[in-house]
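Peer 1: I need the structure of the sequence given here:
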Amino acid sequence: MRIEIDDLSRDVVRALLTEHLADMHATSPADSVHALDITGLTDSSVTMWTLWSEGDDLLGCVALKERSSTGGEIKSMRTSSVARGRGVGTRLLQHVVDESRQRGYRQLELETGTQDFFDPARRLYARFGFVPSPPFGNYREDPNSAFFVLTL
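Peer 2: Here you go, the predicted model:
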């Protein structure tokens, strides 16, 4: 598997992100969906990575949004349906944590859903040491959102 910075120009990447947004809207009320669309993911404050198989199949993606010189936010972490259960999420999350440390961030934050659909993601974040936190940035208390922070 290889991880590379992505400019979101490939159709297969855009399709995965479209699937991601569709699932977020199918799972959470519209005002509780905080996933970025393609425009948001191409903002200069965001770095997007994709993970590929040796056979050039897209396995997943993740974005890191710089919130300040000392911290970032994980966005749009997604494993393709055919790659679930193969360690893709773990590999992508480790990459973002490592990159955050290299950038000198002191903390890494994220928002995810509270529904059962998001249980695997919350378990993954907990394994990496993320702990529940209050809302950060422009987020507000929301029964459909769970907030986490990792001190680096």
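Peer 1: mind giving me the packing neighbours of the strand ranked longest in the chain?
Peer 2: Determined from DSSP state E, the single longest strand within the chain is strand 58-68. Counting contacts by 3 or more Cβ pairs under 8 Å, 6 or more residues apart in numbering; DSSP states H and E, strand 58-68 packs against helix 11-27, strand 46-52, strand 71-79, helix 88-102. Just so you know, the C-beta spots here come from the backbone N, C-alpha and C atoms, and that holds for glycine as well.
Peer 1: His25 against Val33, yeah?
Peer 2: Yes - the pair His25 / Val33 is scored as a contact, 5.7 Å apart, by Cβ atoms under 8 Å.
Peer 1: deepest of the helices and strands packed on strand 58-68, which one?
Peer 2: Using mean count of other Cβ atoms under 10 Å, the stretch among these with the largest mean neighbour count is strand 71-79, at a mean of 23.
Peer 1: can you list contacts of stretch 22-30?
Peer 2: Applying Cβ atoms under 8 Å, 6 or more residues apart in numbering, the contact partners of stretch 22-30 are 33, 35, 113, 115, 117-118, 144.
Peer 1: next step: the residues you listed restricted to strands.
Peer 2: Cross-referencing the contacts of stretch 22-30 against strands under DSSP E gives Gly113.
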